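Asks: I need the structure of the sequence given here:
(one chain, ligands or ions: 1)
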Amino acid sequence: MRFAVIVFPGSNCDADMYYAVQDQLQAEVTYVPHTATQLNDIDAVLIPGGFSYGDYLRTGAIARFAPIMPAIIDFANNGGLVLGVCNGFQILTEAGLLPGALHENKDLAFICKDVQLTVANPNTPFSNRFEKDEVITLPVAHGEGNYYCDAETLAQLEANHQIVFRYQDNPNGSVADIAGICNERGNVLGMMPHPERAVEAILGNTDGQRLLSSLLK
Ligand SMILES: NC(=O)CC[C@H](N)C(=O)O
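Replies: Here you go, the predicted model:
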């Protein structure tokens, strides 16, 4: 299985993601720059965290127009696996691959800490190594992680089991404690917490390793 880590100007979790896949999952991984227009021989796309284009206008709003985005949208529409973490989640909502938007945190402050999450849906390619309602721990690091969608969209997310991870103790004001959602088909997931920062015992936590290794199943 071959992973791509997409690199935008301002990405800052790309090397962590690459390391997590190469050294911890022992899978093949390659960087794909924002200027590329094709994804060649790729089985899963990882959009890492960071501050693409300096978070100007809105987080993800400029990255959404990067040359690589049409290829990612085609890949997703053909059922390819796409995981967006933090800024990656923000980019996926801006690109229309996931519903809703990420607003500023309710306290208007950057949050950087471990949070506990409930696995609301273990039946996705991103969560299949977890049990339903299992509580896992992952770090968050964001200023704009306050997930918002309207009531109708929320009802659809609930009905289709698209809410994959929920905060136990909501740190940012997200609607319905949402930490991560997938698309209706289940092949695109966006989440604010960072699995790539929790991939080995020396870091004190391997829950992120379990999450990323779900993709290998
Ligand atoms: N770690 C990140 O990806 C940061 C995300 C984002 N740019 C924010 O602060 O909201």
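Asks: residue boundaries of the helices in the chain?
Replies: Ranges of helices within the chain are 14-19, 69-77, 87-94, 151-159, 207-214, based on DSSP state H.
Asks: which of those helices is buried the deepest?
Replies: Among those, helix 87-94 has the highest mean neighbour count (mean count of other Cβ atoms under 10 Å), at a mean of 28. All C-beta spots, glycine's among them, are computed from the backbone N, C-alpha and C.
Asks: can you give me the angle that helix makes with helix 69-77?
Replies: Going by axes from the mean of the first three to the mean of the last three Cα atoms, to 10 degrees, helix 87-94 is angled at 90 degrees with respect to helix 69-77.
Asks: show me what helix 87-94 is packed against.
Replies: Counting contacts by 3 or more Cβ pairs under 8 Å, 6 or more residues apart in numbering; DSSP states H and E, helix 87-94 is packed against strand 44-47, strand 81-85, strand 101-103, strand 188-191.
Asks: I'd like the average pLDDT over that helix.
Replies: Throughout helix 87-94, pLDDT has a mean value of 98.
Asks: and that helix, how far out from the chain's middle?
Replies: 8 Å (Cα atoms, centre = their mean, to the nearest Å).
Asks: out of the helices of the chain, flag the one nearest the ligand.
Replies: For the helices of the chain, proximity to the ligand was assessed by Cβ to the nearest ligand atom; helix 87-94 is nearest, at 3.6 Å.
Asks: and the ligand, is that closest one touching that?
Replies: Yes - legend: contact between helix 87-94 and the ligand by Cβ under 6 Å from any ligand atom is shown at residue 87.
Asks: near the ligand, which residues of this structure?
Replies: 49, 50, 51, 55, 59, 86, 87, 141, 142, 143, 144, 145.
Asks: export those residues to JSON lines and append columns for distance to residue 197.
Replies: Listed next are the residues of the chain next to the ligand as JSON lines, based on distance: Cβ to Cβ, whole Å:
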{"residue": "49", "distance to residue 197": "9"}
{"residue": "50", "distance to residue 197": "13"}
{"residue": "51", "distance to residue 197": "16"}
{"residue": "55", "distance to residue 197": "19"}
{"residue": "59", "distance to residue 197": "19"}
{"residue": "86", "distance to residue 197": "10"}
{"residue": "87", "distance to residue 197": "14"}
{"residue": "141", "distance to residue 197": "8"}
{"residue": "142", "distance to residue 197": "12"}
{"residue": "143", "distance to residue 197": "17"}
{"residue": "144", "distance to residue 197": "18"}
{"residue": "145", "distance to residue 197": "15"}
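Asks: cheers, nothing more for now.
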